Each structure stands twice: as structure tokens, then as C-alpha cells.
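S.K.: Kindly return the folded structure for what I paste below:
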Amino acid sequence: MYRKYLSILISTCVLTACNGEITASVTSKTIPAEKINQIEAKVKKLYPDADTKLQHQIVAVAVESLESMVFIKGGTFMMGAFKAPCNPISTDRMDWSPDAKCNTTISNFKTGSNFIHKVTLSNYSLANHETTYHGFDAFQRVHHRAVVKSEMREKYDLPDDKFKDLAAPTKAWQEAKDYCLWLGELTDYPIDLPTEAQWEYAARNRGKHIYYGTNNGYIQRKGDQHLVDGSRYVDYTKDEWNIGSSIDLNQIKLYPPNPLGLYDMAGNVKEWMNDWYSEDYYQQSPVLDPQGPSAGVKKVMRGGGLTTSRAGQAIVQDEYISLNGFRCAVQQAIPVK
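M.R.: Numbers count the residues shown, from 1 in each chain. Predicted coordinates for the structure are as follows:
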């Protein structure tokens with residue numbers, strides 16, 4: 001009996017010290033222990049009534065958010081939908097050249113992305129993956145909101161741990177905004193949503209003429225084929241896949257990242273940007289660190305296709321949309337330490 005109670009006491013003290021303080025139960029190879037202790041203290045101060053398991057989850061989410069940040073050195077590039085070859089063998093496998101003359105898609109004219117303009121960005125950091133259910137669930141629970149019961153979650157009737165690495169859906173832009181600001185509050189870093197200029201610059205490997213934000217700039221979808229020798233189609237091998245299919249359930253990091261180390265910049269889900277949406281904003285955009293229009297009725301979404309494609313989305317939807325996700329950024333000129 002003594003051993004039984006001793007075991008219970010020891011297991012309890014793994015996550016909390018016996019004097020009630022949070023212990024260093026989260027470790028990291030890149031984030032200093034001192035910083036983790038600061039985050040743990042902040043969590044305990046902000047959420048003293050949260051149970052130990054939830055406190056631990058919040059600390060783990062905050063620490064992982066810093067671990068995931070990829071530092072991106074700023075620079076100057078020509079933002080917008082640059083031209084493509086007029087008669088490519090496949091639009092999934094295009095290589096840019098200065099004499100490219102055709103548009104990648106008709107939507108470029110509708111969204112204003114065809115207006116090429118000069119942009120210079122300061123340094124920043126961008127999460128290497130989209131926000132997951134694991135992180136979003138912690139955010140919802142600690143704010144006394146129900147975890148997101150999306151259509152996909154109910155359809156497949158999977159337990160919570162199976163959703164840990166799936167991109168979290170959203171119903172409103174404000175949820176994405178608030179989540180990133182919440183991470184900033186926990187970590188004392190200026191975390192926010194990225195601007196669309198930051199997103200495009202990163203997807204294009206610091207502004208290069210890349211059509212898709214994959215490991216090689218091509219779309220090599222799971223289950224698809226490609227033309228070989230101009231005469232026969234061959235299935236992509238598992239090692240060649242860089243974009244998933246609908247059966248992957250929006251799982252992050254299934255396929256190789258782009259050259260900067262960013263995952264799912266071409267597939268998975270569309271991502272909320274910080275910017276208000278305007279079809280003619282590119283014609284008015286300042287050169288240095290554009291932030292988007294000062295007001296609007298829609299927000300910009302990027303991703304899920306070409307590196308230069310953009311769309312405007314109503315800031316609130318009728319339900320949680322599994323394909324509307326987001327990732328966060330650190331808006332400072334030095335790397336996360």
C-alpha cells in the first residue's frame with residue numbers, strides 16, 4: 001500500500017512540484033531552460049485555476065511555437081503573379097524564364113495579384129507548420145470554450161490524440177489573430193499573423209521565381225503521374241511525393257518542406273494573413289514592409305496552390321472550415337533565442 005501511494009505521489013510531482021509550483025516538465029533542444037521556466041511561470045500566473053494537464057499542454061504548445069520559428073532574412077523582391085510558360089507540358093512542373101509571357105491563372109486579374117510591384121521586407125520569423133488542433137485545443141480550453149468539433153472530426157470519430165498533428169480549422173479570422181497574440185503573451189515575443197508579403201516571400205524561397213512552395217518548386221501529388229520522355233506516364237514514387245491528397249486529413253509535415261524549411265506552403269490548407277483584402281492594393285502598396293489596407297470587409301488568404309495566388313475571405317464563416325487554417329510569425333528582426 002505504501003508503494004502504491006508513493007508511486008502516485010511521484011507521478012503527480014513529475015508535472016508539478018510538491019510545493020505547488022510548475023516544474024520544468026517541458027524540455028527543448030533549442031529553447032533555453034530559463035525561457036521555458038519563464039513561460040511556465042507566466043502560465044501559472046495567467047491560469048492558476050487550470051488543471052495540471054492543461055497547464056502542461058499550454059507550456060508545451062508555447063515552447064513548440066518558438067522551436068518551430070524559421071528565421072527569414074529580409075530582402076527585396078518583385079511581388080505578384082509573375083508570368084509562366086505559355087505551353088508547359090504540365091502546369092504542375094513549370095520553370096520560369098525571363099521570356100515567360102502567359103498568366104498562371106485568370107484569377108490573377110480578379111484578385112489584383114497580376115500587378116508586379118517592388119517590396120522590401122525586414123527580417124522576421126515564420127512558423128514552419130500550420131497551427132494544429134493540439135495548440136488550438138489548448139487555446140480553446142483555457143478560455144473556457146469547447147474544442148473545435150469540425151465536420152471532419154465528427155465524420156471520422158477519432159480521439160483527440162489522433163488530431164494532434166492536423167491543421168486546425170477556423171470559423172473566423174479573429175480566432176487566428178487571437179491565437180497568435182496569445183502565444184506572444186505567453187512567450188513575450190511579438191507573435192502575430194504574417195503579412196501576405198511575408199508569406200509570399202517565404203513561399204518563394206526569399207522571393208525567387210518559384211510557382212509552388214514545395215521542396216523543388218513542382219507539384220508531385222500523392223497518387224499522380226508525370227510524363228517521361230514526352231511519351232509515357234509514370235506514377236510518382238512515395239519518395240517523390242511532396243503534396244498530399246484528401247485522405248491525409250490535413251496532417252502537417254507529411255511531405256518535404258520548401259528550401260527554407262517551411263512545410264505545407266503549397267498544399268494542406270489555406271492560411272489567414274494579417275492584411276485586409278483589396279483587389280487594387282498592389283497598385284498602392286508601399287515598398288517597405290507593406291501591411292495591407294487600413295480597413296476592409298475581407299481578409300487575405302494565401303496557400304493551397306501557387307505561391308502568388310491570393311484570395312479575399314469573409315472574416316466570419318457560418319461554420320468551422322477544415323481548409324481555413326493559419327500559421328504564426330514573430331515580428332522582430334532578430335531570431336528567436
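S.K.: now the helices for the chain?
M.R.: 2-15, 33-46, 52-67, 107-111, 133-142, 151-156, 173-187, 196-203 (DSSP state H).
S.K.: Give me the residues contacting the shortest one.
M.R.: Contacts of helix 107-111 from elsewhere in the structure, counted by C-beta atoms under 8 Å, 6 or more residues apart in numbering, are 81, 103, 113, 114, 279, 308, 309, 310, 311, 312. For the C-beta atoms, the positions are set from N, CA and C on the backbone; glycine is no exception.
S.K.: One more: the second one?
M.R.: With contacts defined as C-beta under 8 Å, 6+ apart, helix 33-46 is touched by 21-28, 50, 55, 58-59, 62-63, 66, 185-188, 337.
S.K.: Domain boundaries for this structure, per the record?
M.R.: The chain resolves into domains spanning 1-52, 68-330 when parsed by automatic domain parsing.
S.K.: which residues touch the nearest residue to residue 207 once chain neighbours are set aside?
M.R.: Nearest non-adjacent residue to residue 207, counting by C-beta to C-beta, 6 or more residues apart in numbering: residue 77, 2.6 Å away. Residues near residue 77 by C-beta under 8 Å, 6+ apart: 118, 119, 121, 201, 204, 206, 207, 208.
S.K.: Could you list which of those residues belong to strands?
M.R.: If you go by DSSP state E, the contacts of residue 77 have 118, 119, 121 in strands.
S.K.: Nearest residue to the first one in space, please, no chain neighbours.
M.R.: Computed as C-beta to C-beta, 6+ apart, the closest residue to residue 118 that is not its neighbour in sequence is residue 287, at 5.4 Å.
S.K.: Same question for the second one.
M.R.: With C-beta to C-beta, 6+ apart as the criterion, residue 119 has its nearest non-adjacent residue at 4.4 Å, and that residue is residue 79.
S.K.: hmm, back to that, bridging residues for the residue nearest to residue 207?
M.R.: With DSSP bridges applied, residue 77 shows beta-bridge pairing to residue 119.
S.K.: who wins for neighbours among the contacts of residue 77?
M.R.: With neighbours set by other C-beta atoms under 10 Å, the maximum within these is found at residue 201, which has 27 neighbours.
S.K.: Quick check: chain neighbours aside, which residue is closest to that residue?
M.R.: residue 207 (5.2 Å).
S.K.: so what's the one you found up against?
M.R.: 75, 76, 77, 78, 79, 200, 201.
S.K.: Show the end-to-end separation of stretch 274-291, please.
M.R.: Between the opening and closing residues of stretch 274-291 lies a distance of 8 Å (C-alpha to C-alpha, to the nearest Å).
S.K.: distance between that stretch and the chain's centre?
M.R.: Using C-alpha atoms, centre = their mean, to the nearest Å, the distance from the centre of stretch 274-291 to the centre of the chain it belongs to is 21 Å.
S.K.: Likewise for stretch 32-45?
M.R.: On the basis of C-alpha atoms, centre = their mean, stretch 32-45 sits 24 Å off its chain's mean C-alpha point.
S.K.: go on, stretch 147-167?
M.R.: Shown here is stretch 147-167, whose average C-alpha point lies 18 Å from the average C-alpha point of the whole chain (C-alpha atoms, centre = their mean).
S.K.: ok, now stretch 170-180?
M.R.: Relative to its chain's centre, stretch 170-180 lies at 12 Å (C-alpha atoms, centre = their mean).
S.K.: what does it contact?
M.R.: Contacts of stretch 170-180 from elsewhere in the structure, counted by C-beta under 8 Å, 6+ apart, are 131, 135-136, 139, 191-193, 272, 274, 299, 313, 315-317, 319-321, 324-326, 328-329.
S.K.: swap in stretch 231-238?
M.R.: Here stretch 231-238 makes contact (C-beta under 8 Å, 6+ apart) with 220, 221, 222, 223, 224, 225, 226, 227, 228.
S.K.: Buried residues, stretch 281-295. List them.
M.R.: Residues of stretch 281-295 classed as buried: 281, 282, 285, 290, 292 (neighbour count, 16 or more other C-beta atoms under 10 Å).
S.K.: related to what we said a few turns ago, check the residue nearest to residue 119 and give its pLDDT.
M.R.: Residue 79 is assigned 98 on the pLDDT scale.
S.K.: and the nearest residue to residue 75 once chain neighbours are set aside, what is it in contact with?
M.R.: Of all residues not flanking residue 75 in the chain, residue 206 sits nearest, at 5.8 Å (C-beta to C-beta, 6+ apart). Applying C-beta under 8 Å, 6+ apart, we find residue 206 in contact with 72, 73, 75, 77, 260.
S.K.: Can you read off the pLDDT for the third one?
M.R.: Residue 75 is assigned a pLDDT of 98 by the prediction.
S.K.: okay, now it: neighbour count?
M.R.: Other residues within reach of residue 75, judged by other C-beta under 10 Å, total 13.
S.K.: ok, now which ones touch the residue nearest to residue 180 when sequence neighbours are not counted?
M.R.: Sequence neighbours aside, residue 328 is the residue nearest to residue 180 in space, at 4.0 Å (criterion: C-beta to C-beta, 6+ apart). With contacts defined as C-beta under 8 Å, 6+ apart, residue 328 is in contact with 65, 127, 131, 179, 180, 183, 191, 192, 193, 194.
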